[in-house]
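Participant: what would the 3D arrangement of this be:
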Amino acid sequence: MSARLLVSSLAGVAVLGGAAAATFALVGSADAAPSRPTIEKASATSVVVGTPGTDTFTFTATMADDSGIKGVKVLPWPKSSKLDPTAAEMEHAESATCKATSETTSVCTYTLPMDAQEDAAGMPSGTWNMAVLVTAEDGDTTYSAQATTFTVTHNEG
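Facilitator: Numbering: from 1, shown residues only. Now for the predicted structure:
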């Protein structure tokens with residue numbers, strides 16, 4: 001085989017190989033799983049029960065998905081209870097209020113309703129977890145049983 005023919009053949013293989021790799025990359029990315037909603041910057045205020053004006057609980061998080069955020073369910077639960085709720089159990093949880101900050105991102109907030117303040121007295125002291133279920137506009141979901149933690153303290157004074 002002449003050197004010229006060998007170089008031409010190798011160049012052809014390299015071009016075909018590059019084209020095949022590019023095609024595979026395009027097909028592979030088209031077949032990739034759709035992105036799931038994300039939970040970012042989750043935080044919750046600690047609760048001090050028994051001190052006037054301090055027993056309000058607020059959870060806030062930034063949620064994002066390429067299709068937008070449809071809704072967010074939240075469930076605070078005491079870590080000591082070992083409950084570890086599942087996504088399926090979140091159907092009847094409270095809804096957070098979400099405000100879109102862009103087409104793909106929303107800031108969602110949940111505040112313990114004022115009529116539930118009496119219930120705060122029965123909340124066990126200690127570390128609590130916030131379970132969060134995010135549903136995107138395209139139906140994708142993300143669940144975290146421990147999106148963030150907060151502390152409940154009882155002031156006996």
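
Participant: can you map out the helices along the protein?
Facilitator: 3-31, 117-120 (DSSP state H).

Participant: tell me how many other residues crowd residue 122.
Facilitator: If you count neighbours by other Cβ atoms under 10 Å, residue 122 ends up with 7. In short, each C-beta sits where N, CA and C put it, glycine included.

Participant: quick check: it vs residue 107, distance?
Facilitator: To residue 107, residue 122 is 30 Å away according to Cβ to Cβ, to the nearest Å.

Participant: do the same with residue 45
Facilitator: Separation of residue 45 from residue 107 (Cβ to Cβ): 15 Å.

Participant: and if you look at residue 48?
Facilitator: Remark: distance between residue 48 and residue 107 (Cβ to Cβ) = 25 Å.

Participant: so for residue 150, what's the nearest residue that isn't a sequence neighbour?
Facilitator: residue 44 (3.8 Å; Cβ to Cβ, 6 or more residues apart in numbering).

Participant: contacts only, for that neighbour.
Facilitator: 57, 58, 59, 60, 76, 128, 130, 148, 149, 150 (Cβ atoms under 8 Å, 6 or more residues apart in numbering).

Participant: now, the most widely separated pair of those?
Facilitator: 60 and 128 (15.3 Å; Cβ to Cβ).

Participant: compare these two (neighbour count), which wins?
Facilitator: Remark: of residue 60 and residue 128, residue 128 carries more neighbours, 23 against 16, as counted by other Cβ under 10 Å.
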